[in-house]
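Novice: can't give you the sequence, but here's the structure:
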């Protein structure tokens with residue numbers, strides 16, 4: 001399973017990046033939401049994670065937690081905390097996600 005690969009300790013960055021890129025566009029079964037939400041929050045918070053993985057994770061998170069107000073607030077807090085220290089790519093994606101959450 002794709003999500004099981006993300007749990008491995010020695011998974012290459014390319015696998016993380018492309019898996020998260022793919023998951024942006026897939027309908028994810030409800031039974032995997034908890035695991036994937038935890039993994040995505042971990043990627044977004046970890047500053048050593050490559051920017052592309054963090055950006056794709058933000059989008060996946062946003063799609064998964066659209067109907068969860070508590071998790072939306074947590075995502076907002078994390079993104080706002082990271083903005084001052086983040087790269088332009090992270091800032092761009094974070095601002096788009098924050099705008100979308102404002103409209104919900």
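Specialist: Perfect, thanks for sending it. Please read all numbers here as calculations on a predicted model, not as lab measurements.

Novice: what helix or strand does residue 9 sit in?
Specialist: Residue 9 belongs to no helix or strand when assigned by DSSP states H and E.

Novice: on the three-state scheme, the residue positioned nearest the centre of the chain is what?
Specialist: The residue lying closest to the centre of the chain (C-alpha atoms, centre = their mean) is residue 57, at 2.1 Å. Secondary structure, DSSP: H, G, I helix; E, B strand; the rest coil: residue 57 is helix.

Novice: quick one: contacts for it?
Specialist: Contact analysis of residue 57 by C-beta atoms under 8 Å, 6 or more residues apart in numbering lists 20, 39, 40, 41, 43, 44, 49. For every residue, glycine as well, the C-beta is placed using N, CA and C.

Novice: for the one helix or strand in the chain whose mean pLDDT sits lowest, which positions count as buried?
Specialist: Using mean pLDDT, DSSP states H and E, the weakest-scoring helix or strand in the chain turns out to be helix 2-7, at a mean of 81. Going by neighbour count (16 or more other C-beta atoms under 10 Å), the buried part of helix 2-7 is residue 6.

Novice: next secondary structure after that helix?
Specialist: helix 13-23.

Novice: per-residue pLDDT of residue 1, please?
Specialist: Among the per-residue scores, residue 1 holds a pLDDT of 68.

Novice: quick one, helices of the protein?
Specialist: Assigned by DSSP state H, the helices in the chain fall at 2-7, 13-23, 33-45, 51-64, 69-82, 88-103.

Novice: which of those helices sits most buried?
Specialist: helix 51-64 (a mean of 22; mean count of other C-beta atoms under 10 Å).
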